[in-house]
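# here is a sequence with its predicted model. Questions after.
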Amino acid sequence: MFYEDLTEYTYNAKDYFDEPEPGFRALWYRPAYTRLNVGWLEAGRTYPTGRVPAEFTAKLRAIQQVQWMNVCLGLHECDLCPPGDECPEGNGEIRIPGAPAIAYAAPFLITHYITAHDYRPPTEFVDAVMAVDLDAWAAARWPEVPFPWVPEEGAEWLLE
């Protein structure tokens, strides 16, 4: 599924945080903030390439350990990998807070795209990832479900 970087995310009207451990608890809400696409790549489409700082990639991986969003039942296999190679699969997304009323929406495969396919995310996204307070995200709970980030002023709550 391809979306141009920094275009408005419209795939799901609602967002939900899922728990990383097996289970079915989640928090659903309708975002009132703007979500911008980052890293939605597809074979046959050009994308920016280049190096990113190693600390950025490490932080992005760490974020993916504490945040699982919009996890789907099906899996998406990386179609940028050569046929016959063992390709990673993804089935969720992450959200990274940006400027006020902005969040970046990226597929879970974004780290693979960066490390295996030389994808270079927009500078705004790199800066936003580096600004994440991982300790606060990892410690947050709602009730007993990892709850890294939803701005209070930016969501119409839908608790289901």
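That came through fine.

# which residues touch the residue nearest in space to the middle of the chain?
When Cα atoms, centre = their mean is applied to the chain, the residue found nearest the centroid is residue 94 (2.1 Å). Applying Cβ atoms under 8 Å, 6 or more residues apart in numbering, we find residue 94 in contact with 63-64, 67-69, 105-106, 108, 110. No exception for glycine: its C-beta is placed from N, CA and C like everyone else's.

# as a markdown table, those residues with secondary structure would be great.
Shown next, in a markdown table, are the contacts of residue 94 (DSSP: H, G, I helix; E, B strand; the rest coil):
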| residue | secondary structure |
| --- | --- |
| 63 | helix |
| 64 | helix |
| 67 | coil |
| 68 | strand |
| 69 | strand |
| 105 | strand |
| 106 | strand |
| 108 | coil |
| 110 | helix |
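
# now render those residues as a markdown table, adding neighbour count.
Listed next are the contacts of residue 94 as a markdown table, based on neighbours: other Cβ atoms under 10 Å:
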| residue | neighbour count |
| --- | --- |
| 63 | 21 |
| 64 | 17 |
| 67 | 24 |
| 68 | 21 |
| 69 | 20 |
| 105 | 25 |
| 106 | 28 |
| 108 | 22 |
| 110 | 23 |
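
# show me which of those residues is closest to residue 130.
Here the nearest of those to residue 130, counting by Cβ to Cβ, is residue 63; it sits at 10.6 Å.

# quick one: the closest one and residue 17, what's the gap?
13 Å (Cβ to Cβ, to the nearest Å).

# residue 74 against residue 91, yeah?
Yes - in this structure, residue 74 is within contact of residue 91 by Cβ atoms under 8 Å, at 6.4 Å.

# out of those two, which sits in the busier spot?
Taking other Cβ atoms under 10 Å, residue 74 and residue 91 do not tie; residue 91 has more neighbours (15 against 6).

# so the residue nearest to the centre of the chain sits in a helix?
No - Residue 94 is assigned strand when assessed by three-state DSSP, not a helix.

# how much space between it and residue 127?
The gap separating residue 94 from residue 127 is 16 Å, by Cβ to Cβ.

# ok, residue 79 touching residue 43?
Yes - counting by Cβ under 8 Å, residue 79 touches residue 43, with 4.3 Å between them.
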